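Novice: Fold the stuff below for me.
(one chain, ligands or ions: 1)
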Amino acid sequence: MDILIEHVDVLKEGRLIRDTDLLIEGNRIRGIGNIKCEAEEKIEGKDLVAMPGLVNMHTHLGLTLAKGLFDDLSFEDFLRQTEDFDRRNTREMIYKSAVTGMAEMVAIGTTCFLDFYYDEDIVERAAETLGMRCALAWAVLDEDKTTQRGSPIKNCEFFLRGKRSTLVTKGVALQGVYACSDETMLKAKDLASETFLTMHLNESQGEVYSFFKERGKRPAELVFSLGIMDENFIAVHCIFLTKREIEALRNSTVVHCPSSNLKLANGIAPIPELLEAGANVALGTDSAATNNSLNMFADMRLAALLHKSTHWDPSIMGHEACLRMATENGARALGIDSGAIEEGKLADLILVDKRSIYPFTPSNLVYCTTQRVDTTIINGEMLYRGGRFSERIRKEL
Ligand SMILES: [Zn+2]
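Specialist: This is a model prediction of the structure:
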């Protein structure tokens, strides 16, 4: 469907182009400027700002229904409880959980997410049914440490070999050094030779210190020495890093999940230092069990405030850097041609109601808490408009 959004403000490279028109043809952005043409759908945009859709780079959608079940626990107890939940999680529950999580994300302006779980074929079915773009990484860990049926490596391989679609990018996930032998990590890297590899890394003091005690190396040092850290590597959390480990991550992506890290009392990742080293930093909510929402605006604000405060420097994490972390940096890591409003890019964008933030400035998208998403468009299709989900989402809820 062709969509013409008239008289809209467009957020491009951190600046606002005021009172312009935006044309979407099929699944691509075809024009920005003074456009006069017919379109199947016209939107009056005088009260709206178009911005790139948010890219949530770390979710576990199979755990959406665990929201509020495992609060206020130590990280170790949380892992034990979720493992028990995973064991009882059925394929029907995972589908319901995935649909619930995707609907929450669409309503808050997320147009793409990277999910990390097993049974990703179910999340794939949900994403295609709802029309949501995503990257799905099948969780790989040692056979004696998993709740998956069968071999995680073989399950992942089977998933990667499956059908391809325009909305879904497939990849590999490593649970963490505490559940993956060197051999498992190397096999996962082999499987991911033509795609991305994501991994929980240096998430807690317990993980880092017990691994060091056992192996004489820190987790990120070991992963680096195995040759896994390249431009297709997407490390998640990265809280306890030495300068050497920060340097090792400079060609990779690091996903910052501030709400989850704070809620589990795991600490604060050295994000300004990773950016300084050259790492591509993106943003994620983590699962609804540790956040307890999938609201990227909330995590963007938290990321900005946290690093200003811990560095005693309000300029160290500006709103533009946070907007990039929540949009284009994630798209770049996944090799998806979106994350910015430009002619020719995929039409993954959102319209924010300017009346919900008055006066409206780009910085208020990060610092203000009242922003209301009016419309979410993914792959050129309107999935959410004026508080209502599209027909195909409503059918699944
Ligand atoms: Zn995680």
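Novice: any idea how far residue 179 is from residue 173?
Specialist: Shown here: residue 179 relative to residue 173, a distance of 11 Å by Cβ to Cβ, to the nearest Å. For the C-beta atoms, the positions are set from N, CA and C on the backbone; glycine is no exception.
Novice: The two: which has the busier surroundings?
Specialist: Taking neighbours as other Cβ atoms under 10 Å, residue 179 and residue 173 compare with residue 173 leading, 30 against 19.
Novice: quick check, that one in a strand?
Specialist: Yes - per DSSP: H, G, I helix; E, B strand; the rest coil, residue 173 lies within a strand segment.
Novice: Strands of the stretch 251-397 of the chain, start to end?
Specialist: Along the stretch 251-397 of the chain, counting by DSSP state E, counting those that start in this stretch, strands occupy 253-256, 280-283, 349-353, 372-378, 381-385, 388-389.
Novice: Could you measure from residue 396 over to residue 115?
Specialist: From residue 396 to residue 115 the distance is 17 Å (Cβ to Cβ).
Novice: of those two, who's got more company?
Specialist: For residue 396 versus residue 115, neighbours defined as other Cβ under 10 Å are more numerous around residue 115 (29 against 16).
Novice: which residues does the nearest residue in space to residue 148 that is not next to it in sequence contact?
Specialist: Closest residue in space to residue 148, ignoring its immediate chain neighbours: residue 118 at 4.5 Å, by Cβ to Cβ, 6 or more residues apart in numbering. Going by Cβ atoms under 8 Å, 6 or more residues apart in numbering, residue 118 touches 62, 86, 138, 139, 146, 147, 148, 152, 155.
Novice: Checking the first one next. Helix, strand or coil?
Specialist: Per three-state DSSP, the secondary structure class of residue 62 is helix.
Novice: Can you give me the pLDDT of residue 164?
Specialist: Here the pLDDT value assigned to residue 164 is 85.
Novice: and it, backbone torsions?
Specialist: When read as degrees, to the nearest 10, the backbone of residue 164 gives phi -110, psi 150.
Novice: Return the distance of it relative to residue 128.
Specialist: Applying Cβ to Cβ, the value for residue 164 to residue 128 is 11 Å.
Novice: if you count what's nearby, which of the two comes out ahead?
Specialist: residue 128 (15 against 7).
Novice: Now do that one against residue 50, distance only.
Specialist: 26 Å.
Novice: Strands along the stretch 101-250 of the chain, start to end?
Specialist: 110-117, 133-140, 168-174, 197-201, 233-237.
Novice: I'd like these laid out as JSON lines, including mean pLDDT.
Specialist: Output for the strands of the stretch 101-250 of the chain, formatted as JSON lines (pLDDT from 0 to 100):
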{"stretch": "strand 110-117", "mean pLDDT": "98"}
{"stretch": "strand 133-140", "mean pLDDT": "98"}
{"stretch": "strand 168-174", "mean pLDDT": "98"}
{"stretch": "strand 197-201", "mean pLDDT": "98"}
{"stretch": "strand 233-237", "mean pLDDT": "98"}
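Novice: how's the chain carved up into domains?
Specialist: As given by automatic domain parsing, the domain ranges for the chain are 3-52+340-388, 54-334.
Novice: Give me whichever of those is most buried.
Specialist: domain 54-334 (a mean of 20; mean count of other Cβ atoms under 10 Å).
Novice: Longest helix of this protein, counting residues only.
Specialist: Longest among the helix segments of the chain by residue count, using DSSP state H, is helix 91-107.
Novice: residues in contact with that one?
Specialist: Contacts for helix 91-107 (Cβ under 8 Å, 6+ apart): 56, 59, 61-65, 89, 113, 115, 117, 119, 122-123, 125-127, 129-130, 132, 288, 293-296, 373, 376, 378, 383-384, 389, 393, 396-397.
Novice: Many thanks, I have nothing further to ask.
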